[in-house]
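Asker: following is a predicted model, sequence given first.
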Amino acid sequence: MGAFRLLLAVLVAVSHMGKNLAGLNPGVVAVISFLIISGFVMTSLIERNYRSIEKVGLFYVDRALRLYPQFLFYFVVSCLVIHFLLPGTPQAAELTVKTIASSVPILPLGFYMFGVAGTQILPPAWSLGLEMCFYLVIPFLLIFNARGAAFILSFGIFLLACLGYIDTDIYGYRLLPGVLFMFLCGSYLYKSDRKGVAIAVGTAIVAGLLFVAIMTGLIERQPFNAEVTLGIALGIPAVLLLSRFKFHPLDEFLGNISYGMFLNHFVVMYLLRGFWPVAYDAHIVAAVLALAFVFSTVSYYCVERPALKWRHRLRARTRKGAVPSRSSELAV
């Protein structure tokens, strides 16, 4: 699934350079697949290492060791680039103690729409705030077998948002109550049991029908409701299919690069903007992607790999005396 994650990161980057596909934002479609993958991977991680109340705190430490090294690295680099190359811009206006202090914990970034954090220093990071919200609840949903109730409630909120009864963008894409069921679709796919697959595939079919209804005008087009429904309809079968592939070193490498590329493409864009006005034609888009890939490779080996060793030691301690269950091909 590593190559797929890298493709998703590329789609997010391309969308931030103003490129659409058939009038749809490919970045939003990609983010939904990221949520589904996260649900799959977190279920695998918890089942193998942290499925007990006393281990929930260790799970949170594990996730912090995953998110923070590259996030902090690129956050600091972005602040420096903005300060020195983009003075007087909206990005520079966010370089305040308050905004920086509220951004570093990551979680507040998921609530930027309420003014609790900035959006310009590292724009893609808002979704990491959403990820953190999911991390807070998923251990308890698994331990107490509460996924079903959470899924139903979340899907109901999403439908209200998708149909425009409540804010479509906020409750149908940005906040956990309306997207939790997307994470849980990935969770249900983890062991590929008949019931879980039926729930996930059924959700994909419903999402596909909603997408068709939106695109044909039967349901009013709202901010990102077409992209979100398409992302669900495509992401679930993609994860179901790719999760069956065996481990491959090249796939692992590409997956390792995806997180840094997801974070750093705006830093590359800010660098280019600082030296000359940039029109994102095909050549510039390719240059941004190439530079982001190179920078991500360097940051993975120099910044994330040391933390990866700590994560593996943490998991090894939690598994002492336990028989490992199904292994995951994903770098988590």
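Answerer: Sure thing, it's come through.

Asker: these two touch, right, P124 and V12?
Answerer: Yes - counting by Cβ atoms under 8 Å, V12 is a contact partner of P124 at 6.3 Å. C-beta: built from backbone N, CA, C; applies to glycine.

Asker: comparing these two, which shows the higher neighbour count?
Answerer: Each of P124 and V12 has its neighbours counted (other Cβ atoms under 10 Å); V12 has more, 24 against 21.

Asker: so the more buried one is in which element?
Answerer: Using DSSP states H and E, V12 maps to helix 2-16.

Asker: and that helix, how far from the chain's centre?
Answerer: Mean C-alpha position of helix 2-16 versus that of the full chain (Cα atoms, centre = their mean, to the nearest Å) differs by 11 Å.

Asker: other residues contacting it?
Answerer: When contacts are defined by Cβ atoms under 8 Å, 6 or more residues apart in numbering, helix 2-16 is touched by residues 25-31, 33-34, 37, 123-124, 238, 242, 250-259, 261-262, 265-266, 269, 285, 288-289, 292, 330-331.

Asker: can you list the buried residues in it?
Answerer: Using 16 or more other Cβ atoms under 10 Å as the test for burial, helix 2-16 gives 2-6, 8-16.

Asker: continuing past it, what's the next helix or strand?
Answerer: Using DSSP H and E, the helix or strand that directly follows helix 2-16 along the chain is helix 26-45.

Asker: now the helix or strand that that next one is followed by: average pLDDT?
Answerer: Moving toward the C-terminus from helix 26-45, the next helix or strand (DSSP H and E) is helix 56-85. On average, the pLDDT along helix 56-85 is 96.

Asker: what's helix 56-85 packed up against?
Answerer: In this structure, helix 56-85 packs against helix 90-93, helix 126-143, helix 249-275, helix 282-299, helix 305-318, with contacts taken as 3 or more Cβ pairs under 8 Å, 6 or more residues apart in numbering; DSSP states H and E.

Asker: run the last query once more with 6 Å
Answerer: Packing partners of helix 56-85 (3 or more Cβ pairs under 6 Å, 6 or more residues apart in numbering; DSSP states H and E): helix 126-143, helix 249-275, helix 305-318.
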